[in-house]
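[1] Starting from these lines, generate the structure:
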Amino acid sequence: MKVGRDSVVAISYALFDAQGELLERTSAPVHYLHGGHDGIFPLIEQALQGKAVGETARVKLEPGDAFGDYDEMLLRVEPRELFPEALEVGMRFEGIPGDADAAAQGGAIFTVTDIAEGKVVLDANHPLAGMALVFECTVEAVRAATGEEVAHGHVHDEGTAPH
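    Numbering: from 1, shown residues only. The predicted structure is shown next:
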């Protein structure tokens, strides 16, 4: 079977920055529902269309094709006292603790990027925002999606209760 609309595709992949540095590699295949269900970036989906098990694809993604441009408006500097005592760079928060406008932030995930002089610097950009990326993948398996998977717009793992 070849990759096509409403097929469940399992891929292994490696993700590199524009300089060729490895950023991420799968340890097990990743499954997604192919055919415009937003389970994978559109350019990657296009590159995989019609591929069979064992075939590979290599796609260069500009920021707009992947995690978007870096947006300085998503940076916040907040008082240290708003945060738990145990606070470290790299910790993540949904919204800003103690911020009454948290609902207006739309559930943004903020990463602590710096702690200094009684202030905490938070960034709601994706860690790969603003980066050109190279995505290399191999098709590991392809199967027809179930009607339920197509209706829900995503892959259902074996043993997962319907929803």
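[2] When you work out contacts or count neighbours from here on, use the C-alpha atoms and nothing else.
    Fine.
[3] Mind giving me the packing neighbours of the helix or strand harbouring Q46?
    Following DSSP states H and E, one finds Q46 within helix 42-48. For helix 42-48, the packing partners by 3 or more CA pairs under 8 Å, 6 or more residues apart in numbering; DSSP states H and E come out as strand 56-61.
[4] which residues sit against the strand it packs on?
    For strand 56-61, contacts defined as CA atoms under 8 Å, 6 or more residues apart in numbering pick out 43-44, 47-48, 132-139.
[5] List only buried entries from the residues you listed.
    In the contacts of strand 56-61, burial by neighbour count holds for 44, 48, 132-139, counting by 16 or more other CA atoms under 10 Å.
[6] which other helices and strands contact the least confident helix or strand in the chain by mean pLDDT?
    Counting by mean pLDDT, DSSP states H and E, the chain has its least confident helix or strand at strand 92-94, which shows a mean of 88. On a contact count with 3+ CA pairs under 8 Å, 6+ apart, strand 92-94 meets strand 109-116.
[7] Show me which of the buried ones among the contacts of strand 56-61 is closest to V9.
    Of all those, V9 sits closest to V139, with 7.1 Å by CA to CA.
[8] From the buried ones among the contacts of strand 56-61, which land in strands?
    If you go by DSSP state E, the buried ones among the contacts of strand 56-61 have 133-139 in strands.
[9] What segments of this structure are strands?
    For the chain, the strands defined by DSSP E cover 7-17, 22-25, 30-34, 56-61, 75-79, 92-94, 109-116, 119-123, 133-144.
[10] of the ones you listed, which approaches G153 most closely?
    Going by CA to CA, the one of the strands of the chain nearest G153 is strand 30-34, 7.1 Å.
[11] CA-only coordinates of the closest one in PDB, if you can.
    C-alpha atoms of strand 30-34 as PDB (Å, rounded to 0.1, in the frame of the first residue of the first chain):
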ATOM      1  CA  VAL A  30       5.500   8.100  14.700                       C
ATOM      2  CA  HIS A  31       2.000   7.600  13.300                       C
ATOM      3  CA  TYR A  32      -0.200  10.300  11.600                       C
ATOM      4  CA  LEU A  33      -3.300  10.400   9.500                       C
ATOM      5  CA  HIS A  34      -2.400  11.400   6.000                       C
END
